[in-house]
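[1] predicted structure and sequence below. I'll ask about it afterward.
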Amino acid sequence: MLFGIIFFVERPMRLKAQRERSSSLLPGLRPENVQALQVGMAGQQELRFERTKTNWMLTSPITYPARTNKINQLLETLSLVQWQGRITPEELKNRPESTEEFGFSRPQFSLILSEGKYKRHLDFGTNTYFGDQVFAKLVGGEGIYILDSQILKVLPKNPDDWRDTTLLPPELISRGNLIRVRAGTRGLDLSYDSTNELWRLSWPFPARADQEKTESLRKSLALTQIEQFVMDDPAADLQPFGLQPPELEISFLQGTNPLAKLDIGRSSTNSPQLVYARVVNRPSVYLIPREQTEQWKGPPNEFRDRHLLNIAPSEMDRIDFKGEQTFSAIRNTNGVWKLNPQGWIGDPEAMTDLTLHLANIEVEFERTVVTDFSAYGLSNALMEVTVHKFSAPTSSVSFQIGTNVGKIFVRRTDDEFINVIKSDDLDQIPFSPQHVRHRAVWNFQSSDVIAIRIFQQGAKRELKRNEKFEWSFAANSQGVINTFALEEALHRVGGLRAVIWHDFNAQDLDKVGIKEVDYAIEFEINRAGAREVLRVDFGGFSRINPLAVVTVNGEKRLFEFPIDLFRNILLKDLTIEPGRDLRLPKIAW
């Protein structure tokens with residue numbers, strides 16, 4: 001019997017299909033004109049879909065958003081499908097059992113497309129023996145068509161496959177300016193300020209919100225997909241799912257108008273990574289990924305912004321410092337920082353590091369609301385820093401720094417919270433304009449140097465360069481000259497930059513160990529006939545760098561000399577006893 005069907009029915013139809021010209025199955029079908037679609041699947045309840053202004057909705061047996069892209073893809077495919085073979089009515093006259101024979105008594109799929117008053121009814125019967133084709137029939141039409149079975153792949157096999165798996169409409173989430181979260185007796189409200197385009201914690205206490213976390217969680221919910229439709233009974237008992245009452249409630253509002261509300265229940269017994277969920281005013285209970293909602297259960301402090309400032313480095317145009325010294329760093333239109341009232345130029349690298357540091361200071365929360373600041377060393381603060389944005393003057397932020405019981409406390413003047421910062425954070429905030437002053441000590445080319453004088457422990461060594469640019473020792477000096485190493489040392493020292501400048505009085509030379517160390521270098525420079533002598537005197541160690549004193553424009557300045565340059569160049573090539581380490585005292589400065 002099977003051989004007969006293949007040889008006497010399918011084989012002739014294949015040969016005939018090769019001779020016939022392919023034709024459109026649904027001529028004139030335009031997907032955009034289809035307003036309704038009915039889908040019947042073998043052994044399943046019939047589904048009905050209707051087109052709205054923006055998408056497709058499942059309207060029977062329940063009302064629920066449909067997978068619009070799936071339906072549009074199906075309609076587009078149907079509008080383009082060509083039949084590959086056809087059994088004519090004449091050929092079917094002698095086949096009284098053709099309805100059963102070709103699978104139309106119980107079709108795989110049945111589609112009814114409504115285009116206004118005009119309807120097309122298409123049934124899909126069985127696949128051909130080889131499985132690469134399927135029989136199809138237009139109800140009310142004549143004959144049976146043979147189609148490429150690939151068309152079945154655009155027909156979802158399960159009723160739930162036709163339903164939109166988006167948990168919450170992204171457009172509603174994006175419209176919300178208030179997020180209300182409740183988890184048992186705990187909860188929080190997040191409010192969006194459209195003026196400065198920032199989220200704030202508005203309940204149980206007002207505070208700046210973590211913008212990155214809030215946006216990330218919102219976007220995560222907007223992208224969350226339903227893993228499984230569990231049930232669709234609006235009158236069902238929700239308690240077994242942990243939804244009566246829910247373990248977590250997340251509401252999106254626009255002002256006082258509710259937009260969407262999501263209830264989260266317990267985890268699935270069989271799949272602990274999934275939790276039961278329900279969107280209020282929808283009849284369904286779903287399973288969704290647990291990780292998508294877990295962070296919403298955190299306490300309010302986990303939603304607070306830990307950054308001391310919410311101003312980007314590029315937006316900082318003026319920084320005021322008020323402590324033992326009062327000064328300001330102001331960035332001009334050319335990006336150059338100027339220190340006032342001293343009139344000094346700020347160091348580009350130091351100011352870049354400072355603005356980056358200020359923008360990235362993160363605090364530990366100490367107290368939520370404080371009225372007495374004396375216990376935190378803030379009644380008479382060590383320093384107050386104000387960061388300005390010229391582009392938005394009202395967005396300036398001030399914070400105070402205090403210390404007590406071994407902790408460093410900070411408080412923004414626009415709130416009442418007390419927070420803690422690390423000692424490393426305090427170390428990088430300048431208490432003197434010297435700390436961010438331009439760090440170039442001097443600048444010369446190695447070829448500008450005509451003499452070098454080294455003073456060490458009461459001894460002196462002098463090197464001179466002749467007209468042929470050759471180095472030799474002056475009278476009463478001796479040793480071995482490594483010209484290559486000497487030129488490299490001059491090259492490195494010629495672009496000397498301070499690690500940091502320090503406040504200093506010329507009377508304090510003894511305090512920094514200058515006399516005790518008794519090590520200095522002079523560079524005699526000749527630039528186009530203009531001669532000058534540059535001298536650096538070394539003192540003790542401050543932290544990891546040696547202290548040094550130079551005279552610039554008649555002013556003695558104290559700075560930290562780069563330790564790598566000191567050890568790898570000066571001690572090797574610019575001492576009286578090369579390679580011998582100097583015993584520098586520790587200086588607390």
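    Perfect, I can see it now. Numbers count the residues shown, from 1 in each chain.
[2] show me the shaky parts of the chain.
    Segments of the chain classed as low confidence (criterion: pLDDT under 70) are 1-22, 578-581, 589.
[3] domain-wise, how is it divided?
    Residue ranges of the domains in the chain are recorded as 2-162, 170-303, 313-436, 446-573, according to automatic domain parsing.
[4] and the third one, how far apart are its ends?
    So the one you mean is domain 313-436. With C-alpha to C-alpha, to the nearest Å applied, domain 313-436 spans 16 Å between its terminal residues.
[5] how far off centre is it?
    Domain 313-436 has its C-alpha centroid displaced from the chain centroid by 25 Å (C-alpha atoms, centre = their mean, to the nearest Å).
[6] go on, the longest one?
    Computed by C-alpha atoms, centre = their mean, the chain-centroid distance of domain 2-162 equals 48 Å.
[7] same list, the domains of the chain, but as CSV with mean neighbour count and distance to residue 585 please.
    From N, CA and C alone the C-beta is placed, and that goes for glycine too. As requested, the domains of the chain are arranged in CSV below (neighbours: other C-beta atoms under 10 Å; distance: least, C-beta to C-beta, whole Å):
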stretch, mean neighbour count, distance to residue 585
domain 2-162, 15, 76
domain 170-303, 16, 47
domain 313-436, 16, 22
domain 446-573, 16, 4
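[8] let me have these in CSV, extended by distance to residue 584.
    As requested, the domains of the chain are arranged in CSV below (distance: least, C-beta to C-beta, whole Å):
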stretch, distance to residue 584
domain 2-162, 73
domain 170-303, 46
domain 313-436, 21
domain 446-573, 5
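[9] list the strands paired with the host helix or strand of residue 408, with their directions.
    In this structure, residue 408 sits in strand 407-412 according to DSSP states H and E. Strands adjacent to strand 407-412 in the sheet, as given by DSSP bridges, are strand 397-404 (antiparallel), strand 418-421 (antiparallel).
[10] distance to residue 354 added to those, as JSON lines?
    Conversion of those to JSON lines gives the following (distance: least, C-beta to C-beta, whole Å):
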{"stretch": "strand 397-404", "distance to residue 354": "14"}
{"stretch": "strand 418-421", "distance to residue 354": "15"}
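[11] got the residue ranges for the helices in the stretch 101-250 of the chain?
    Using DSSP state H, counting those that start in this stretch, the helices found in the stretch 101-250 of the chain span residues 170-175, 211-223.
[12] what's the shortest one in contact with?
    Contact with helix 170-175 is made by 218, 221-223, 252, 254, 259-260, as judged by C-beta atoms under 8 Å, 6 or more residues apart in numbering.
[13] cutoff 10 Å now
    Applying C-beta atoms under 10 Å, 6 or more residues apart in numbering, the set of residues contacting helix 170-175 from outside is 54, 167, 169, 179, 218-219, 221-223, 250, 252-254, 257-260, 262.
[14] who's in contact with the residue nearest to residue 107 when sequence neighbours are not counted?
    Here the nearest residue to residue 107 in space, its sequence neighbours aside, is residue 123; by C-beta to C-beta, 6 or more residues apart in numbering that works out to 4.1 Å. Shown here is residue 123, whose contacts under the criterion C-beta under 10 Å, 6+ apart are 40, 99, 102-112, 135-139, 144.
[15] and the nearest residue to residue 134 once chain neighbours are set aside, what does it touch?
    Residue nearest to residue 134 in three dimensions, not counting chain neighbours: residue 149, with 4.5 Å by C-beta to C-beta, 6+ apart. Applying C-beta under 10 Å, 6+ apart, one finds that residue 149 lies in contact with 124, 127-128, 130-135.
[16] with residue 250 instead?
    With contacts taken as C-beta under 10 Å, 6+ apart, residue 250 has the following neighbours: 168, 173, 179-183, 187, 217-218, 221, 260-264, 277, 293, 296.
[17] how much space separates it from residue 278?
    With the distance defined as C-beta to C-beta, to the nearest Å, residue 250 ends up 11 Å from residue 278.
[18] who touches both of these two?
    By the contact definition C-beta under 10 Å, 6+ apart, residue 250 and residue 278 are jointly contacted by 261-264.
[19] closest to residue 314 among those residues?
    Closest approach between the shared contacts of residue 250 and residue 278 and residue 314, by C-beta to C-beta: residue 262, at 37.5 Å.
[20] distance of the closest one from residue 234?
    Counting by C-beta to C-beta, the gap between residue 262 and residue 234 amounts to 16 Å.
[21] for the closest residue to residue 404 other than its chain neighbours, what are its contacts?
    If you skip the residues right next to it in sequence, residue 404 has residue 377 as its closest partner in space, 4.3 Å away by C-beta to C-beta, 6+ apart. Contacts were defined as C-beta under 10 Å, 6+ apart; by that measure residue 377 touches 400-405, 407-409.
[22] quick one on the thing from earlier: want to throw the helices of the stretch 101-250 of the chain into TSV with distance to residue 72?
    Below are those laid out as TSV (distance: least, C-beta to C-beta, whole Å):
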stretch	distance to residue 72
helix 170-175	18
helix 211-223	21
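[23] out of the ones you listed, nearest to residue 501?
    Each of the helices of the stretch 101-250 of the chain was checked against residue 501 via C-beta to C-beta, and the shortest separation belongs to helix 211-223, namely 36.3 Å.
[24] quick one, strands of the stretch 351-500 of the chain?
    When assigned using DSSP state E, counting those that start in this stretch, the strands of the stretch 351-500 of the chain occupy the ranges 364-367, 383-388, 397-404, 407-412, 418-421, 449-456, 459-465, 471-473.
[25] of all those, which one is nearest residue 554?
    With C-beta to C-beta, the closest approach to residue 554 among these belongs to strand 449-456: 20.4 Å.
[26] can you tell me the strand partners of the closest one and which way each runs?
    Strand 449-456 sits in its sheet next to strand 459-465 (antiparallel), strand 519-527 (antiparallel), going by DSSP bridges.
[27] make TSV out of these and add distance to residue 430.
    As requested, those are exported to TSV (distance: least, C-beta to C-beta, whole Å):
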stretch	distance to residue 430
strand 459-465	38
strand 519-527	28
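[28] of all those, which lies closest to residue 79?
    Closest to residue 79 of the strands paired with strand 449-456, according to C-beta to C-beta: strand 519-527, at 83.2 Å.
[29] restricted to strands, list the shared contacts of residue 250 and residue 278.
    Residues of these located in strands (DSSP state E): 261-264.
[30] the strand or helix carrying residue 536: what's the following helix or strand?
    Remark: residue 536 resides in strand 530-542, with elements defined by DSSP H and E. Tracing the chain C-terminally past strand 530-542 and defining elements by DSSP H and E, one meets strand 545-552 next.
[31] for the helix or strand following that following strand, packing partners?
    Using DSSP H and E, the helix or strand that follows strand 545-552 towards the C-terminus is strand 555-560. Applying 3 or more C-beta pairs under 10 Å, 6 or more residues apart in numbering; DSSP states H and E, one finds that strand 555-560 contacts strand 501-502, strand 530-542, strand 545-552.
[32] what lies in contact with the shortest one?
    Residues outside strand 501-502 that contact it (C-beta under 10 Å, 6+ apart) are 344, 347, 350, 432-439, 441, 512, 542, 547, 549, 557-560, 589.
[33] how close does residue 265 sit to residue 61?
    Residue 265 is 24 Å from residue 61, where distance means C-beta to C-beta.
[34] oops, could you answer that again for residue 131 instead?
    32 Å.
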